[in-house]
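Asks: only geometry, no sequence info:
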């Protein structure tokens, strides 16, 4: 059984239920040490000092593939699908979140 992942899209779930979706397309494929490039200050601001003393996050692999371009496409699609770019639900800032109210106003 192969234990090595190729390139992946992962989801991190924080104790407050908010999520971050990212990709790991490093030279040697996914590594267990990589937890993304989310904005640490933004996440930290959502928690008290006491909450940060015992802080557990969960990382799930949502997609694995051999092609970096496809992994990048899947990352963007999964961010939107999971609502990770909605500031109420997640910490992704790209693609820019557009609420249904904003969409209907632009039409």
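Replies: Cool, the structure landed. Computed from a predicted model, the values in this text were never measured in an experiment.
Asks: who touches the helix ranked longest in the chain?
Replies: Using DSSP state H to assign secondary structure, the helix with the most residues in the chain is helix 68-82. Helix 68-82 is contacted from outside by 7-9, 11, 19, 21-23, 25, 62-63, 65, 84-85, 89-90, 92, 94-95, using CB atoms under 8 Å, 6 or more residues apart in numbering. All C-beta atoms are positioned from the backbone trio N, CA, C, and that covers glycine.
Asks: Give the buried residues for stretch 53-68.
Replies: Within stretch 53-68, the residues scored as buried using 16 or more other CB atoms under 10 Å are 63-65.
Asks: start to end distance for it?
Replies: 36 Å (CA to CA, to the nearest Å).
Asks: residue boundaries of the helices in the chain?
Replies: Using DSSP H, helices in the chain cover 40-44, 49-53, 68-82, 100-106.
Asks: mean confidence for the longest one?
Replies: For helix 68-82, the per-residue pLDDT values average out at 97.
Asks: got the buried residues for it?
Replies: Those would be 71, 74-76, 78-79, 82, for helix 68-82 by 16+ other CB under 10 Å.
Asks: Let me have these in a markdown table, extended by distance to residue 54.
Replies: Output for the buried residues of helix 68-82, formatted as a markdown table (distance: CB to CB, whole Å):
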| residue | distance to residue 54 |
| --- | --- |
| 71 | 33 |
| 74 | 33 |
| 75 | 30 |
| 76 | 33 |
| 78 | 29 |
| 79 | 28 |
| 82 | 26 |
